[in-house]
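Novice: Predicted coordinates and the sequence they were generated for:
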Amino acid sequence: MNIEEKIRILILEDNKTDIELNKLELKKAGLKFTSTDVMKKYDYIDAINNQDFDIVLADYSLPDYDGLSALSELRKKHPSVPFVFVSGQIGEELAVQAFKHGATDYVFKNKLNQLPHAVERAIKEKRAEDEVRQLKTTLDATLDCIFIFDTISFCFFYVNHGAISQTGYTRDELLEMTLADLMPEFDENSFYKLVEPLLDGNKETTIFETALCHKDGAVIPVEIFLQSVAPPDEHARFVAIVRDIAERRKAEKEKAELRTQLQQTQRMEALGTLAGGIAHDFNNILMIINGYTEIALGHELLDDHPARHSMEEVHKAACRATDLVQQILAFSRQEEQEMVQVKVSPVVKETLKLLRASLPATIEIRQKLTAKCDTILGDPSQFYQVLMNLCTNASHAMGGESGALEVCVTDAEVNSCPDLNPGHYLLLSVSDTGHGIEPSAMEHIFEPYFTTKPRGEGTGLGLAVTHGVVTSFGGTIRVRSKPGEGTTFDVFFPISTEAGGSEIKTSAPVPMGNNEHILLVDDEERLLSMGKRMLKNLGYKVSARTDSVAALEDFRSRPEAFDLVITDMTMPVLTGDKLALALMHIRPDIPVILWTGYSNQITKEKARDMGIREFLMKPPSIQNIAQAVRRALDRGKG
């Protein structure tokens with residue numbers, strides 16, 4: 001015997017000699033035990049109600065009781081405690097009846113040498129059943145699906161509660177199935193190939209991801225841990241632990257999206273930095289072009305000069321280039337944009353002219369501009385961005401095939417709209433004859449980074465930016481589309497009723513100088529030459545310096561000689577803002593104008609706080625320069 005701990009035995013027997021004989025056989029076999037001996041019914045019932053036992057040994061026939069009744073009484077209180085009949089009168093028919101009532105075994109009194117073996121076997125089976133019961137309780141408590149199946153039929157012979165709840169099948173239904181029945185990705189042959197290395201003993205475990213099919217047809221992404229186990233004296237079997245990874249997949253997707261957003265943000269920051277650097281150099285070039293064309297048109301070319309028309313076209317192109325640079329910078333900047341009155345129709349006409357060159361000739365461009373009042377309140381560059389985004393989307397939707405892009409600006413009366421107050425609005429409609437938008441995509445089209453374009457062909461930001469801009473203008477955007485019938489974006493803008501705004505104004509006279517002395521500082525020699533000439537034409541005396549340190553020393557040596565200083569911002573050694581502070585330290589009342597092609601270190605507000613009189617973005621027109629110089633000088637006099 002190899003049961004080391006003491007066994008607690010309850011003996012029900014009306015014959016004291018038989019009780020002692022039972023104990024003697026158990027001791028001879030080396031079993032360690034304690035016994036409670038009862039001879040009557042009520043003592044037996046009291047014992048099983050108030051004490052715990054590992055096994056019950058009972059005679060079948062008693063004067064006031066019988067073994068079957070004793071067995072039934074025990075099962076009410078202790079369903080799993082082994083019950084062994086020890087009797088001289090039990091026959092085959094009674095033995096069958098006893099087993100039906102839940103008896104564990106029986107031993108004849110004339111063969112008591114079999115009693116120790118019967119007791120040991122019953123105890124071991126009971127403990128094994130307890131372990132299995134505890135294991136099943138543990139397995140049923142886990143949320144993962146657990147399947148145990150053999151290696152021949154692959155049919156399940158154990159499934160836990162998690163498998164039942166996650167697949168939707170009953171236990172009986174699952175016990176008629178195989179793992180392959182639950183996985184649409186596999187058939188019987190492909191599943192066999194998957195487990196073949198385990199069957200051959202080449203591997204003990206395998207882990208893979210697949211999809212599990214719920215009874216209602218839903219497909220659940222899962223990770224399966226499959227292990228081969230071989231119990232002693234039994235053929236091998238498989239244990240499959242199946243885990244729902246839908247939340248993990250969702251988290252991984254969100255993480256990937258966040259990584260993509262971060263990368264996109266970093267790219268946008270890099271683009272902003274690049275745009276700033278390009279803008280600084282390009283604005284310097286544009287300032288030279290604009291400056292010399294304005295000098296030529298204003299002072300050198302008469303109205304009937306053969307080159308005047310050509311020079312006017314150069315000036316228009318340069319102005320358009322200036323606007324484009326400002327739009328790039330507006331897109332890259334993060335600060336709040338100034339809201340001004342914008343006349344929509346001229347912007348639409350200009351934008352469609354620019355688009356014509358970039359669109360295939362197979363796409364017809366139509367415009368319908370019938371709004372009686374087409375002035376809105378917003379940032380001009382952002383409105384341009386909205387229009388460009390919508391038109392670009394429309395052209396992409398047609399994919400280079402024949403089609404039509406139509407832009408309409410009309411009046412609209414809104415009576416009931418959740419995003420707008422009732423009233424009169426300007427309606428900008430951009431329509432295409434492309435492939436349309438699938439209903440499943442409609443609810444996502446304004447989400448950042450959502451795109452239906454192939455990988456690498458779109459950022460998914462265009463419509464999200466458009467939606468944000470329109471909302472900031474106090475408007476709303478709606479989309480109408482059917483697959484195969486094209487798409488229309490309707491953008492509603494509140495109409496601006498303020499006077500003035502973007503109406504074309506008659507140019508004011510250019511204010512002239514009175515021979516005031518200006519110190520002009522810029523490290524770009526050609527720009528400096530053009531600026532000097534422009535200021536002289538305006539009636540000023542000019543000292544020009546390409547070196548900001550040399551300019552500071554010149555000013556320090558004769559501070560009262562200058563009436564005003566104009567300085568660039570981005571210069572080597574000493575930047576424009578530091579130069580201005582140094583000049584004002586030497587002479588606090590000196591008017592300073594700061595101009596720049598682009599700088600992320602200085603803004604109009606920062607310049608004003610430093611005491612700088614005027615802040616100009618390159619390339620300013622002659623009129624803007626003349627007005628700024630006059631304001632700075634006259635403010636000092638006042």
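Specialist: Alright, I've got the coordinates. Numbers count the residues shown, from 1 in each chain.

Novice: quick one: terminal-to-terminal distance for stretch 109-120?
Specialist: Stretch 109-120 has an end-to-end distance of 17 Å (C-alpha to C-alpha, to the nearest Å).

Novice: Please spell out which residues along it are buried.
Specialist: For stretch 109-120, burial by neighbour count (16 or more other C-beta atoms under 10 Å) applies to K109, L112, L115, P116, A118, V119, E120. In short, each C-beta sits where N, CA and C put it, glycine included.

Novice: Could you do stretch 81-100 as well?
Specialist: V81, P82, F83, V84, F85, V86, S87, I90, L94, A95, A98.

Novice: which residues sit in contact with the closest residue to I45 other than its chain neighbours?
Specialist: What sits nearest to I45 in space, not counting adjacent residues and going by C-beta to C-beta, 6 or more residues apart in numbering, is E73, at 6.1 Å. Going by C-beta atoms under 8 Å, 6 or more residues apart in numbering, E73 touches Y44, I45, I48.

Novice: Could you give me the ChimeraX selection string for whichever of those residues are buried?
Specialist: Those of the contacts of E73 that count as buried under 16+ other C-beta under 10 Å are selected in ChimeraX with:
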select :44,45,48
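
Novice: on that earlier part again, export the buried residues of stretch 81-100 to CSV and tack on secondary structure, distance to L420 and pLDDT?
Specialist: Formatted as CSV, the buried residues of stretch 81-100 follow (DSSP: H, G, I helix; E, B strand; the rest coil; distance: C-beta to C-beta, whole Å; pLDDT from 0 to 100):
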residue, secondary structure, distance to L420, pLDDT
V81, coil, 78, 93
P82, coil, 81, 94
F83, strand, 83, 93
V84, strand, 87, 93
F85, strand, 90, 91
V86, strand, 93, 90
S87, strand, 95, 87
I90, coil, 93, 71
L94, helix, 91, 79
A95, helix, 90, 76
A98, helix, 86, 82
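
Novice: quick one: which two of those are the most distant?
Specialist: Within the buried residues of stretch 81-100, V81 and L94 form the most distant pair, 20.8 Å apart (C-beta to C-beta).

Novice: coming back round to it: from the buried residues of stretch 81-100, which is closest to T375?
Specialist: V81 (93.7 Å).

Novice: if we can go back for a sec, nearest to R613 among the buried residues of stretch 109-120?
Specialist: Minimum distance to R613 across those is 107.1 Å, recorded for E120 (C-beta to C-beta).

Novice: returning to what we had before: okay, and which of the contacts of E73 map to helices?
Specialist: By the criterion of DSSP state H, membership of the contacts of E73 in helices covers Y44, I45, I48.

Novice: hang on, the last one packs against F83?
Specialist: No. Assessed by C-beta atoms under 8 Å, I48 is found out of contact with F83, at 10.5 Å.

Novice: any residues in contact with both of those two?
Specialist: With C-beta under 8 Å, 6+ apart, I48 and F83 have common neighbours V56, L74.

Novice: Next, format the contacts of E73 as CSV and append distance to L405 and pLDDT.
Specialist: Formatted as CSV, the contacts of E73 follow (distance: C-beta to C-beta, whole Å; pLDDT from 0 to 100):
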residue, distance to L405, pLDDT
Y44, 98, 93
I45, 95, 93
I48, 92, 93
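
Novice: Can you pull out the low-pLDDT segments for the stretch 251-400 of the chain?
Specialist: Along the stretch 251-400 of the chain, segments meeting pLDDT under 70 span 261, 264-265, 267-269, 271-273, 275-277, 279-280, 323-324, 326-338, 400.

Novice: let's see 80
Specialist: Scanning the stretch 251-400 of the chain for pLDDT under 80 picks out 257-258, 260-284, 287, 291, 298-300, 302-303, 318-339, 357-358, 381, 399-400.

Novice: just the helices in it please.
Specialist: Along the stretch 251-400 of the chain, counting by DSSP state H, counting those that start in this stretch, helices occupy 308-332, 344-358, 380-398.

Novice: Burial-wise, tell me which of those comes out on top.
Specialist: helix 380-398 (a mean of 21; mean count of other C-beta atoms under 10 Å).

Novice: Which strands or helices does that helix pack on?
Specialist: Under the contact definition 3 or more C-beta pairs under 8 Å, 6 or more residues apart in numbering; DSSP states H and E, helix 380-398 sits against helix 308-332, strand 340-343, helix 344-358, strand 403-414, strand 423-432, helix 462-472, strand 487-494.

Novice: and the angle for that helix with strand 423-432?
Specialist: 40 degrees (axes from the mean of the first three to the mean of the last three C-alpha atoms, to 10 degrees).

Novice: per-residue confidence averaged over the one helix or strand Q623 maps to?
Specialist: Under the criterion of DSSP states H and E, Q623 resides in helix 622-637. What helix 622-637 shows for mean pLDDT is 87.

Novice: CA atoms of it as PDB?
Specialist: Extracted as PDB, the C-alpha positions of helix 622-637 are listed here (Å, rounded to 0.1, in the frame of the first residue of the first chain):
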ATOM      1  CA  ILE A 622       6.200  99.600 -53.100                       C
ATOM      2  CA  GLN A 623       2.900 101.000 -51.700                       C
ATOM      3  CA  ASN A 624       3.200  98.800 -48.500                       C
ATOM      4  CA  ILE A 625       6.800  99.900 -48.000                       C
ATOM      5  CA  ALA A 626       6.000 103.500 -48.500                       C
ATOM      6  CA  GLN A 627       3.100 103.500 -46.100                       C
ATOM      7  CA  ALA A 628       5.000 101.500 -43.400                       C
ATOM      8  CA  VAL A 629       8.000 104.000 -43.600                       C
ATOM      9  CA  ARG A 630       5.700 107.000 -43.400                       C
ATOM     10  CA  ARG A 631       3.700 105.500 -40.500                       C
ATOM     11  CA  ALA A 632       6.900 104.700 -38.600                       C
ATOM     12  CA  LEU A 633       8.400 108.200 -39.100                       C
ATOM     13  CA  ASP A 634       5.200 110.100 -38.400                       C
ATOM     14  CA  ARG A 635       4.500 108.100 -35.200                       C
ATOM     15  CA  GLY A 636       7.900 109.100 -33.900                       C
ATOM     16  CA  LYS A 637       7.100 112.800 -34.600                       C
END
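
Novice: Identify the residues contacting that helix?
Specialist: 291, 294-295, 298, 507-508, 510-513, 516, 518, 534-535, 538, 540, 563-564, 566, 589, 591-593, 613-614, 616, 620.

Novice: And those, which of them are buried?
Specialist: 291, 294-295, 510-511, 513, 516, 518, 534-535, 538, 540, 563-564, 566, 591-593, 613-614, 616, 620.

Novice: Helices - which of these land there?
Specialist: Among the buried ones among the contacts of helix 622-637, the members falling in helices (DSSP H) are G291, E294, I295, M534, L535.

Novice: Show me the two of these that sit farthest apart.
Specialist: Going by C-beta to C-beta, the pair spanning these furthest: E294 and L535, at 12.5 Å.

Novice: circling back: so which of the ones in helices among the buried ones among the contacts of helix 622-637 would you say is closest to F473?
Specialist: E294 (33.3 Å).

Novice: Quick check: closest non-adjacent residue to the closest one.
Specialist: Counting by C-beta to C-beta, 6+ apart, the residue nearest E294 is I622, at 4.6 Å.

Novice: And for K23?
Specialist: S35 (6.3 Å).

Novice: Just confirm that neighbour is within a strand.
Specialist: Yes. Remark: S35 belongs to a strand, assigned using DSSP: H, G, I helix; E, B strand; the rest coil.

Novice: how about it, what does it touch?
Specialist: Applying C-beta under 8 Å, 6+ apart, the residues contacting S35 are I9, L10, I11, K23.

Novice: Am I right that the first one falls within a strand?
Specialist: By that I understand I9. Yes. Secondary structure assignment places I9 in a strand (three-state DSSP).

Novice: which ones are touching it?
Specialist: Contacts of I9 by C-beta under 8 Å, 6+ apart are L26, F33, T34, S35, T36, F53, D54, I55, V56, L57, V119.
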